[in-house]
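Undergrad: no FASTA, just this:
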């Protein structure tokens with residue numbers, strides 16, 4: 001079959017803004033810190049807690065938080081028409097400080113046993129009118145995935161510790177727990 005997926009190394013975003021309108025962007029404590037430092041917003045203005053009915057993220061995946069006895073996932077606060085940071089020009093208002101998940105999107109990535117990029121695809125959760133006249137380096141994509149993993153794994157451990165507590169609480173207590 002070859003490596004037909006390598007064509008996606010030529011991905012170029014057309015800045016349509018679709019990926020900022022539709023999906024809920026899952027975030028970590030590090031994302032909140034980065035955004036907060038840039039915007040001055042409080043964590044509750046950056047992050048919201050979404051129920052399973054609002055996101056296609058199975059409860060068997062990490063990151064689910066017990067908030068006041070209900071399972072929630074933490075994501076960027078959204079306006080009616082998408083991400084609060086999406087400008088009228090369809091550009092990100094916090095681009096240099098955006099979550100790591102936004103940086104990796106729209107790539108679906110797999111690595112082989114040697115940690116080499118073995119598959120690259122375009123996530124189909126939203127319509128993406130991308131072009132194939134750009135240029136990504138395999139190392140660049142791997143670095144993004146490693147960065148995302150380096151922020152997610154400690155966050156998932158903090159979530160797990162929170163979920164094991166006898167007394168949980170609401171969002172404010174969770175923000176205190178993850179020290180944002």
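TA: Happy to help now that I have it. No experiment lies behind these values; they were computed from the predicted model shown.
Undergrad: all strands of the chain, in order?
TA: Secondary structure of the chain (DSSP state E): strands located at 47-50, 65-67, 70-76, 78-79, 82-83, 107-111, 117-122.
Undergrad: Need the ones you listed in CSV (columns: distance to residue 58 and mean pLDDT).
TA: C-beta: built from backbone N, CA, C; applies to glycine. Below are the strands of the chain laid out as CSV (distance: least, Cβ to Cβ, whole Å; pLDDT from 0 to 100):
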stretch, distance to residue 58, mean pLDDT
strand 47-50, 14, 98
strand 65-67, 15, 96
strand 70-76, 10, 97
strand 78-79, 21, 94
strand 82-83, 23, 94
strand 107-111, 16, 93
strand 117-122, 19, 93
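Undergrad: Compare these and give me the one nearest residue 17.
TA: strand 82-83 (7.3 Å; Cβ to Cβ).
Undergrad: wait, doesn't residue 44 sit right on residue 174?
TA: No - the criterion here is Cβ atoms under 8 Å, and residue 44 misses it with residue 174 at 10.3 Å.
Undergrad: Of the two, which one has the most company?
TA: Between residue 44 and residue 174, counting by other Cβ atoms under 10 Å, residue 174 is the more crowded of the two (24 against 14).
Undergrad: for the closest residue in space to residue 96 that isn't next to it in sequence, what are its contacts?
TA: Among residues not flanking residue 96 along the chain, residue 38 sits closest, at 7.7 Å (Cβ to Cβ, 6 or more residues apart in numbering). By Cβ atoms under 8 Å, 6 or more residues apart in numbering, residue 38 lies in contact with 94, 96-97.
Undergrad: Could you check the pLDDT of residue 168?
TA: On pLDDT, residue 168 comes in at 79.
Undergrad: Neighbours of the residue lying closest to it once chain neighbours are set aside, how many?
TA: Excluding its sequence neighbours, the residue lying closest to residue 168 (Cβ to Cβ, 6+ apart) is residue 66, at 5.2 Å. By other Cβ under 10 Å, 16 other residues sit near residue 66.
Undergrad: Let me know the distance separating residue 66 from residue 142.
TA: Distance, residue 66 to residue 142, by Cβ to Cβ, to the nearest Å: 34 Å.
Undergrad: repeat for residue 70
TA: 37 Å.
Undergrad: So for those two, which sits in the more crowded spot?
TA: A count of neighbours by other Cβ under 10 Å puts residue 142 above the other of residue 70 and residue 142, at 15 against 10.
Undergrad: my read: that one touches residue 114, true?
TA: No - the pair residue 142 / residue 114 is not scored as a contact, 11.6 Å apart, by Cβ under 8 Å.
Undergrad: mind listing what residue 120 touches?
TA: 5-6, 8-9, 107-110, 141.
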